[in-house]
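Asks: build me a model:
(chains A and B)
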Amino acid sequence: MGTYWSSYRHPENFPDRTREPTFDPLYGFPNGRKPREMIASVEEMEAAKLDLCDRDYCAHKLLEFRKCRSDNWPWVANCKHEKHAYLTCEFDDFVLRMKEHEREKRLKDRQMRLNAKNKALELSE
Amino acid sequence: MALLRSLVRKGLSSSTGKNITFQALRSAGGWNKDFAPGPFPKTEEERRAAAKRYNMHPDEYQPYPDESYGMGDYPKLPDISGESKDPYYNWDFPEHKRNFGDPIHAHADAIGEDRWNISAKPKIPYKTQILVSIGFIGSLIGIYFLTYDFTYYQPVMPKQLPANGVHYTFEPAE
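Replies: Numbering: from 1, shown residues only, chains lettered A, B, ... in the order given. The predicted model follows:
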């Protein structure tokens, strides 16, 4: 919440959008987290000459969509369901990455509070 | 010289060649040296002679200062562009807004009607125009540098690619 405000207020706690999260991904999940599963295989993606940036967890839907387009050409409107499925998958992926961003930010804030608390304890001793 | 003599002799021997030869001799004048201004007038007599040469009254005639720019005795005319001259006056040559025998400005090629209007009086002075331009561009550059540290972007982590390692959903594992 308040992306602009928090990036201005605590720029050192704001996650780096170019790097992977720095904390343990399983920290704070007593039951663990379900790993994301990749459905399309590397061979499939290489055969379809997918761009490197498209080889994400939605690649199988993109492959389906491209196959449908090539089968139905020029009546590509028949592939609207495949297209919608692919774009929905990408949307969910974006939401997940936003959640990761928020998690990283809150953990950094927590780390800052913990450090301040430890320092105060050391001074009082 | 021998070439010219043989040319003339050959030309005079036939009627066509004669015309060609005479034509070539007739247009032998009008070279650059004929257009060049004379030396800078030092005495009053030279001044009068130069003014007469340029069809000007001696009181109006005023040469460029003798600063070895090659102007010689060429008259220094007021800087009036073709665009600033009266378009409704009955000029002898309306396309150049010029009368017969008028002396030509030394920079006539640069301040012609289709070129720089040197005598323009703009509604907004040039100083104001330049200040407004610099002010506008300067404020844009200023905003750029003042807000350089407050870059905004969407709050999202980099794209998760399976090739970069394991990634997790937010659902609990079984």
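
Asks: for the chain, what's the longest helix?
Replies: Went with chain A since none was named. helix A:80-124 (DSSP state H).

Asks: actually, chain B is the one I wanted.
Replies: helix B:126-146.

Asks: and that one with chain A, contact?
Replies: No: with C-beta under 8 Å from any C-beta of the partner chain as the criterion, chain A is not reached by helix B:126-146; the gap is at least 13.5 Å. Yep, even glycine has a C-beta here, placed from its N, CA and C like the rest.

Asks: coming back round to it: just how off-centre is the longest helix of chain A within its chain?
Replies: 10 Å (C-alpha atoms, centre = their mean, to the nearest Å).

Asks: which secondary structure elements does it contact?
Replies: Judged by 3 or more C-beta pairs under 8 Å, 6 or more residues apart in numbering or on different chains; DSSP states H and E, helix A:80-124 is in contact with helix A:59-72, strand B:168-172.

Asks: that helix - what's its average pLDDT?
Replies: If you average the pLDDT over helix A:80-124, you get 95.

Asks: same check, this time on stretch A:47-65
Replies: Across stretch A:47-65, pLDDT averages out at 96.

Asks: again with stretch B:65-78
Replies: If you average the pLDDT over stretch B:65-78, you get 88.

Asks: in that stretch, which residues are buried?
Replies: B:Met71, B:Gly72, B:Asp73, B:Tyr74, B:Pro75, B:Leu77 (16 or more other C-beta atoms under 10 Å in any protein chain shown).

Asks: how about the residues you listed, which pair is most distant?
Replies: With distances taken as C-beta to C-beta, the most widely separated pair in the buried residues of stretch B:65-78 is B:Gly72 and B:Leu77, at 14.6 Å.

Asks: check the burial of the closest residue to A:Arg66 other than its chain neighbours by counting its neighbours.
Replies: Nearest residue to A:Arg66 in three dimensions, chain neighbours excluded: A:Ala48, at 6.6 Å (C-beta to C-beta, 6 or more residues apart in numbering or on different chains). Residues lying near A:Ala48 (other C-beta atoms under 10 Å in any protein chain shown) number 15.

Asks: any idea how far A:Ala48 is from A:Arg69?
Replies: A:Ala48 sits 12 Å away from A:Arg69, going by C-beta to C-beta, to the nearest Å.

Asks: and the residue nearest in space to the middle of chain B, what element?
Replies: Residue closest to the mean C-alpha point of chain B, counted by C-alpha atoms, centre = their mean, is B:Ala110 at 3.5 Å. B:Ala110 belongs to no helix or strand when assigned by DSSP states H and E.
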